[in-house]
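Student: The sequence and its predicted three-dimensional model are supplied below.
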Amino acid sequence: MIRFAFAGRCSTEDLQDPEASRNWQLTRARALIEPVGGHIVTEYFDVGHSRSLPWQRRPRANELLQALRNPNRGFDAVVIGEPQRTFYGNQFGNTFPVFVHFRIPLWVPEIGGPIDPDNEAHDLVMSVFGGMSKGERNRIKIRVRTAISSQAQLQGRYLGGRPPYGYRIADAGPHPNPSKAAVGQRIHKLEPDPAAAPVVQRIFSLYIDGMSDKAIAAQLTRDGVPCPSAHDAARNPHRKKTAWQQGAVRAILINPRYTGYEIWNKQRKEERLLDVDDVTLGHRTSMTHNPVEEWIRSNEPAHEAIISLNRFDTVQTLRRQRARNQGRQERAGKQGGRPYALRGRVRCTLCGRKMQPATIRNRVYYRCEFKDQEQALYPDLTHPRTVNLREDVVCHALDQWIARAFAPERLTATLTALSQASAAASTAETHTPEQAQSRQAIKDCERRLSRYQAALEAGADPAVVTQWINAAQQDKEAAQKKLDALPTLTRKKQSPLDAQQIREITDSLGDIAQRIHTADADKKGPLYEALGITISYEHTKRTATVRSRPSSPYRQWLCPRGDLNPHAR
């Protein structure tokens, strides 16, 4: 008696009942093995996973690969009911060597028994089935996309999915396919939602009147208008339902379906390699927005319009104009903007966000603003509308803290550290961009070789992996030859500063804290960055905690409103 493990797969793209698919694959497998005394003792059947995923990324198939390594696996062979559902593309060539390595026979109905690893005909048949599986998936994809495109463009058919805010789903009669109509299936269309459609019209009017997306969201929240997720809570259990968001307003303003036309192909599924150096890992599928010119629009209106075409086009023109104006303002601000010494280094402990710099009455402040819609999103968070922190007060104490390194009791240790850094810098090598590029190429080749070695040990096809290793080795040798041909540039050796010379320089500077304090903000910024300065401001205690990651973890507590008096201005 031979103990078998059954392997199979069924995904949603097959449009089959998973249980029915499992049963017929299992029936084919049993018909193959029972005449020779085999019986199935365990199953590895994946449901809801595309055939394009490699075995390592299918949960049950990966469990089978791991079970092959276990001497106490409990089965003697593996049987597959349908190779086209199990193998895709070149997956057989990447997977079967693992079975051969662990001496586990793989039985397939189309072969009539176990696959012979030394039989070229068996290998050819399985490769053909992998190619057929890939071709079948591509044909299904093309047929479905073509059919949906024509239904949207020629018929204006509502193709399912979540209706846009302002619409609801209505019945549109029996299904045009007689067989589907016979079992009671019907088609649907969009119709204006009496409660939400006026809100959409109001949003367009407010934007034309000059309000921004953020301002419209805040106005609707203040007026108590339910946001889209609150209006249809049953379809949005994963979203917050307390306030309007700027993104929701933007999505409404740019959605052409409010003009009465059906739109399709706004997004597409895009497959990208997980690792360009190891294609056996397969692809990662993600949604990507298509350009507007690739959208499919129905030739005729498909449902009642909430916004007229002229009004929609007016809003799109205004959005382009405002985007251009905002871009000009941002460029002008960057050209003549004021430098901020602590930009990006101050966080509010109440909400964890970075505080933004602003100049108010010729003084620099770091501010954390908590708007109305944010208050609604986080009702349990006690946060003032605006939290302010003065830069000059923080920098004054911060500069004194930095200058403590040159205090008499710490001067010796500081001078020793500076002299050691000077000695190390005096002998450092410098590399040209061509040298740096060659060194990086060598490192990339070494990483590739490590991955290929790991794949070989995991049981990948030795012939394929050998080709990869040879290619990576050739690339590495070429990069090394290029590096050897480039001249090595060494920085001109300078005598390192000793502790006495550094002491003389620091003495000539006088008050270090004062020199740092009077330096311009654009000079302080790089100093604070080199020291790894971060500041956490606790508004309730009016204290700021300063941390320096590269140096000793000193902390300085100070009052941002004054040196001692927390109420000083």
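Tutor: The structure has been received and is ready for your questions. Numbers count the residues shown, from 1 in each chain.
Student: what sits opposite the residue nearest to N265 when sequence neighbours are not counted in the beta ladder?
Tutor: In this structure, N265 finds its nearest non-sequential neighbour in I296, 4.6 Å apart by Cβ to Cβ, 6 or more residues apart in numbering. To be clear about C-beta, it is placed using only N, CA and C from the backbone, and glycine gets the same treatment. Beta-bridge partners of I296, counted by DSSP bridges, are W264.
Student: so who does I296 touch?
Tutor: Residues in contact with I296 (Cβ atoms under 8 Å, 6 or more residues apart in numbering) are S149, A152, Q153, I263, W264, N265.
Student: and those residues, which two are the farthest apart?
Tutor: S149 and I263 (11.7 Å; Cβ to Cβ).
Student: pull the CA atoms of stretch 253-268 into CSV?
Tutor: What follows is stretch 253-268, C-alpha atoms only, in CSV (Å, rounded to 0.1, in the frame of the first residue of the first chain):
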residue,chain,number,x,y,z
LEU,A,253,-14.7,66.6,-7.3
ILE,A,254,-12.7,64.6,-9.8
ASN,A,255,-15.2,61.7,-10.4
PRO,A,256,-16.8,62.1,-13.9
ARG,A,257,-19.5,59.6,-13.1
TYR,A,258,-21.5,62.4,-11.5
THR,A,259,-22.1,63.7,-15.1
GLY,A,260,-24.3,60.6,-15.9
TYR,A,261,-21.7,58.7,-17.9
GLU,A,262,-20.4,55.3,-16.9
ILE,A,263,-16.6,55.1,-16.5
TRP,A,264,-14.4,52.0,-16.4
ASN,A,265,-10.7,51.3,-16.5
LYS,A,266,-9.7,54.0,-14.1
GLN,A,267,-7.4,51.5,-12.4
ARG,A,268,-5.6,48.3,-13.4
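Student: Now do the buried residues in that stretch.
Tutor: L253, N255, P256, R257, Y258, T259, G260, Y261, E262, I263, W264, K266 (16 or more other Cβ atoms under 10 Å).
Student: Next up, the contacts around the fourth one.
Tutor: What that stands for is R257. Contacts of R257 by Cβ under 8 Å, 6+ apart are P164, Y167, L190, I263.
Student: Also the third one?
Tutor: Taking Cβ under 8 Å, 6+ apart, we find P256 in contact with I263, W295, R297, F312.
Student: can you tell me the helix or strand for R319?
Tutor: According to DSSP states H and E, R319 maps onto helix 309-336.
Student: Next SSE downstream of that helix?
Tutor: Helix 309-336 is succeeded, C-terminally, by strand 346-348 (DSSP H and E).
Student: model confidence over that next one, on average?
Tutor: Here strand 346-348 scores 91 as its mean pLDDT.
Student: tell me which strands and helices it is in contact with?
Tutor: strand 533-538 (3 or more Cβ pairs under 8 Å, 6 or more residues apart in numbering; DSSP states H and E).
Student: mean confidence for the strand it packs on?
Tutor: Mean predicted lDDT for strand 533-538 stands at 90.
Student: Please name the bridge partners of the residue nearest to the spatial centre of the chain.
Tutor: The centre of the chain sits closest to S286, judged by Cα atoms, centre = their mean, with a distance of 9.6 Å. Legend: beta-bridge partners of S286 under DSSP bridges are E270.
Student: Can you tell me how far it is from A170?
Tutor: 33 Å (Cβ to Cβ, to the nearest Å).
Student: just to revisit the earlier point, my read: the residue nearest to the centre of the chain touches Q267, true?
Tutor: No. Between S286 and Q267 there is no contact under Cβ atoms under 8 Å: 10.0 Å.
Student: Which element, helix or strand, includes P117?
Tutor: With elements taken from DSSP H and E, nothing contains P117; it lies in neither a helix nor a strand.
Student: per-residue pLDDT, it?
Tutor: 91.
Student: any idea what sits nearest it, other than its immediate chain neighbours?
Tutor: V100 (4.8 Å).
Student: can you check T280 too?
Tutor: Nearest to T280 is N94, by Cβ to Cβ, 6+ apart, at 5.0 Å.
Student: wait, doesn't the one you found sit right on P54?
Tutor: Yes. At 6.9 Å, N94 counts as touching P54 under the criterion of Cβ under 8 Å.
Student: which residues are in contact with both of those two?
Tutor: T280.
Student: Compare these two and say which is more crowded by neighbours.
Tutor: A direct count of neighbours by other Cβ atoms under 10 Å for N94 and P54 places N94 higher, at 23 against 20.
Student: Pretty sure the more buried one sits in a helix.
Tutor: Yes. The assignment for N94 by DSSP: H, G, I helix; E, B strand; the rest coil puts it in a helix.
Student: Retrieve the pLDDT associated with it.
Tutor: 89.
Student: Repeat that for Q219.
Tutor: At Q219, pLDDT is 91.
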